[in-house]
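> quick one, structure for this:
(chains A and B)
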Amino acid sequence: DVKVTQSSRYLVKRTGEKVFLECVQDMDHENMFWYRQDPGLGLRLIYFSYDVKMKEKGDIPEGYSVSREKKERFSLILESASTNQTSMYLCASSLGRGLGGYTFGSGTRLTVV
Amino acid sequence: GNSVTQMEGPVTLSEEAFLTINCTYTATGYPSLFWYVQYPGEGLQLLLKATKADDKGSNKGFEATYRKETTSFHLEKGSVQVSDSAVYFCALKANTGNQFYFGTGTSLTVIP
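Residues are numbered from 1 along each chain as shown, chains lettered A, B, ... in the order given. Okay, the predicted model is just below:
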């Protein structure tokens, strides 16, 4: 069964910590995406990548960075975690032009205290 | 620009009731349209899609028709079940780029 795996379901970090969220897909998809999901705001795109070592800013990149050293892995980095980054983080991937839709991971619920 | 507007929730229905969740979009060109479902504690799953005008997507009793004249992609189901309780997201993919644009989601609760 093809899937997108996010390394943690729940994470609690302290303000100012550097946080790594990992996402791995086993479908050989070129495209990978990081979203955050907040009540009333839906899904907002943070960063995306269409190829290894390639990254593009989404709608809300401030306070985040990403790394894509291998095709199957797309990491989201919170350089210095803040309480307003408490959220559900969703990773997704897609193939080619994306007409088949995204495949999502199960999400990581991050709490910054 | 590209955007999706879907009806505000939450929606509460009795089992076997008819469901409609409205979705309208703004896009340049001819987007592809999708409905995703998110069950409690899980990520989003693709429910159905339509890639051109007048296409009807269907899955698990849910249907949606791509209406270009009204820029709409409303989700319908004739008889909902308790197991349909979830959050439903309408989304579009523009015909340039691979990014999806999501609505804010509509929470559905079905009571026995």
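> sheet partners, orientation included, of the helix or strand of chain B with the lowest mean pLDDT?
Sorted by mean pLDDT, DSSP states H and E, the helices and strands of chain B end with strand B:100-102, the least confident at a mean of 91. Applying DSSP bridges, strand B:100-102 is found paired with strand B:86-93 (antiparallel).
> quick check: mean pLDDT across the partner strand?
Throughout strand B:86-93, pLDDT has a mean value of 95.
> helix or strand next in line after the least confident helix or strand of chain B, which one?
Using DSSP states H and E, the helix or strand that directly follows strand B:100-102 along the chain is strand B:106-111.
> touching chain B at all, the helix or strand containing residue A:20?
For residue A:20, the enclosing helix or strand under DSSP H and E is strand A:19-21. No: no part of strand A:19-21 sits near chain B under the criterion Cβ under 8 Å from any Cβ of the partner chain; the closest distance found is 13.4 Å. All C-beta atoms are positioned from the backbone trio N, CA, C, and that covers glycine.
> could you check whether the following helix or strand past that strand is close to chain B?
Note on strand A:19-21: by DSSP H and E, the next helix or strand toward the C-terminus is strand A:23-25. No: interface with chain B: strand A:23-25 contributes nothing (Cβ under 8 Å from any Cβ), its closest point being 10.9 Å away.
> in its sheet, what does whichever helix or strand comes after strand A:23-25 sit against?
The C-terminal neighbour of strand A:23-25 among helices and strands, as given by DSSP H and E, is strand A:31-38. Applying DSSP bridges, strand A:31-38 is found paired with strand A:42-49 (antiparallel), strand A:87-94 (antiparallel).
> and the last one, average pLDDT?
Here strand A:87-94 scores 95 as its mean pLDDT.
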